[in-house]
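> Fold the following and give me the result.
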Amino acid sequence: MKVFVLFCGLALASASFGQSTQSDAAAKPVKAKKPKKGAAAEVGSGVGAAATGAAKGAADLATLHPIDAGVDVATGAAKAGKDVTVGSVKGVGKVGKGVGHALKKIL
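I've put the predicted structure just below:
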């Protein structure tokens, strides 16, 4: 019985030494979560992509590169369409969420 108590005491003591201390946890860098873009940021990104594509297209057209101009404008429009669509969907989702909260309070 004494051997069993001694063995359990040693097992508990060794387990406490294996735990990390506060200084070990402070030494490890913590990765910060990147905040998600909101609906307005997505729409703004789309407008920026459209403006960039139009500007590149105008520059290519001015330097007599009509094919590149068309490609740049089309690329900007595609990126803008994607970002504006994502922003619109997020906005509709937020409106729906707000309406749901309002109905929950009423009912």
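> Quick one: the helices in this protein, in order.
2-18, 22-27, 39-62, 66-106 (DSSP state H).
> a markdown table please, covering those and showing mean pLDDT, mean neighbour count and distance to K33.
No exception for glycine: its C-beta is placed from N, CA and C like everyone else's. Formatted as a markdown table, the helices of the chain follow (pLDDT from 0 to 100; neighbours: other C-beta atoms under 10 Å; distance: least, C-beta to C-beta, whole Å):
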| stretch | mean pLDDT | mean neighbour count | distance to K33 |
| --- | --- | --- | --- |
| helix 2-18 | 55 | 8 | 30 |
| helix 22-27 | 54 | 8 | 18 |
| helix 39-62 | 81 | 16 | 16 |
| helix 66-106 | 84 | 14 | 18 |
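> K82 reaches V43, doesn't it?
No: with contacts counted by C-beta atoms under 8 Å, K82 stays clear of V43, the gap being 11.2 Å.
> Against A102, how distant is the residue nearest to K79 when sequence neighbours are not counted?
Spatially, and ignoring its direct neighbours in sequence, K79 is nearest to A49 (3.7 Å; C-beta to C-beta, 6 or more residues apart in numbering). Distance of A49 to A102, given as C-beta to C-beta, to the nearest Å: 34 Å.
> What of K56?
Counting by C-beta to C-beta - K56 and A102 are separated by 45 Å.
> got a pLDDT number for the residue most central in space within the chain?
Centrality entry for the chain: nearest residue to the mean C-alpha point is K36, 3.6 Å, by C-alpha atoms, centre = their mean. Here the pLDDT value assigned to K36 is 75.
> likewise L64?
For L64, pLDDT reads 84.
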